[in-house]
Each structure stands twice: as C-alpha cells, then as structure tokens.
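1. Quick one: sequence and predicted model below, then my questions.
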Amino acid sequence: MSPLNTRESLIESTEHLIRAKGYSAFSYADLEKEIGIRKASIHYHFPTKEDLGVCVVETHLAHLKEQFMSIDGNCPEALGRLGAFARLFTEGRSTGQLPLCGALAAEMTVLPEKMQALTTTYLETQMQWLEKTILGGIASGEIPPTGDARQKAYEILSLLEGASFVSWGLQSRGEIGPSVIGLILGKN
C-alpha cells in the first residue's frame, strides 16, 4: 500500500470507528487489525491519536463544505436544499453509524481541546448553512417569515442529529419525513 493510500485508509477507518464506537473507545490496535498494518506505521503517519482525530474532522468538514456547494448548485429551492441535507443523515443512518459530528459532540468533555474546537466549528458550519438556506427561502417567499431563522436552523439540526441517535439506539432505520422540517419552518 502506498503512503498516500495508507494515510487515506487510516483516515477513513478512523472515521468509521469514531462513528461506530466513539473517539475514546477506538485505539491504534483497532486500526492495526482493521487495516493490517503495524502500529509503528500508523504512528509514522499520525504520531498521536489526537493528530489522527484532528485530520479526520478536518477532512470530513472539507467534505461537508463540498456537499453544501453541490446541494446549493443542484437544488434551486430552499426546501429542496433542506431535503438534500436531511438525506445526508438518512444515508448515514443506513450504514448503522452515528453522524461524525454527533458522535464527537457526545464525547465533547473528553475530546482534546483542538478536537473540541473543530467539533464546534463543524456544528456551526452546519448551523450557518441552514440559517442561510432558511433566510434565502424566506426572501424568495418559499418559507413563511415566522420565527428566528437561527432558531429554526437549530431545531432542524437537532431533529436530524437526534433522529440519528434514536435510530442507532433502537437499531432501526426510522425516517424523518420532509413534512416535519416543513412544520419547523411554519410551512404546514
């Protein structure tokens, strides 16, 4: 395996371990078993678990921003963009894993400081995009101008993250219908 492929495999495997077990519960020994390389090789790429965790969150955050650009480019209406955002959570639930941001937020008090800051940045990035999308929908007349857009963004994100935890805990694939987001926005 080339060094770049090893690094990418470590990032991907670590993301899955965090989403399935939590940051605190995974170790380099787990990665050693999963990828089939020695711990020394893992330390070559990521000297500490924190270095690896930071890289995973930074990589995932960059991917999220790309997803937002894609959603914005492909969905002309605010409700369509919000539906596409909700489907990101549905896709994650289909793998039986928690959203990365939610899994990290659940362990916020035990995360290293840099990962705490990145987790907050990750949540804030989602909140800002949701708020911007809601405000755009209000400006176009698609969404009624009821309530505070920031609060509505908070409610939508809380609903989607929370649904992922409930689904994970019940080991079921329950879905949040688009009408619930409409209710939050005062559409129904």
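-> Yes, it's here. Residues are numbered from 1 along each chain as shown.

2. hey, which helix or strand in the protein has the poorest pLDDT?
-> Least confident helix or strand, the chain: helix 178-184 with a mean of 81, by mean pLDDT, DSSP states H and E.

3. CA atoms of it as CSV?
-> The C-alpha trace of helix 178-184 is given here as CSV (Å, rounded to 0.1, in the frame of the first residue of the first chain):
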residue,chain,number,x,y,z
PRO,A,178,-40.0,16.1,4.9
SER,A,179,-43.2,17.4,6.4
VAL,A,180,-41.5,17.6,9.9
ILE,A,181,-39.0,20.1,8.5
GLY,A,182,-41.9,22.0,6.9
LEU,A,183,-43.6,22.1,10.3
ILE,A,184,-40.5,23.6,11.9
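
4. That helix: how far from the chain's middle?
-> Relative to its chain's centre, helix 178-184 lies at 20 Å (C-alpha atoms, centre = their mean, to the nearest Å).

5. what's the answer for stretch 103-110, then?
-> The answer for stretch 103-110 is 13 Å, by C-alpha atoms, centre = their mean.

6. Next, work out how far apart the residue found closest to E58 once you drop the neighbours it is linked to in the chain and L111 are.
-> Using C-beta to C-beta, 6 or more residues apart in numbering and skipping the chain neighbours, the partner closest in space to E58 is L118 (6.7 Å). All C-beta atoms are positioned from the backbone trio N, CA, C, and that covers glycine. Remark: distance between L118 and L111 (C-beta to C-beta, to the nearest Å) = 9 Å.
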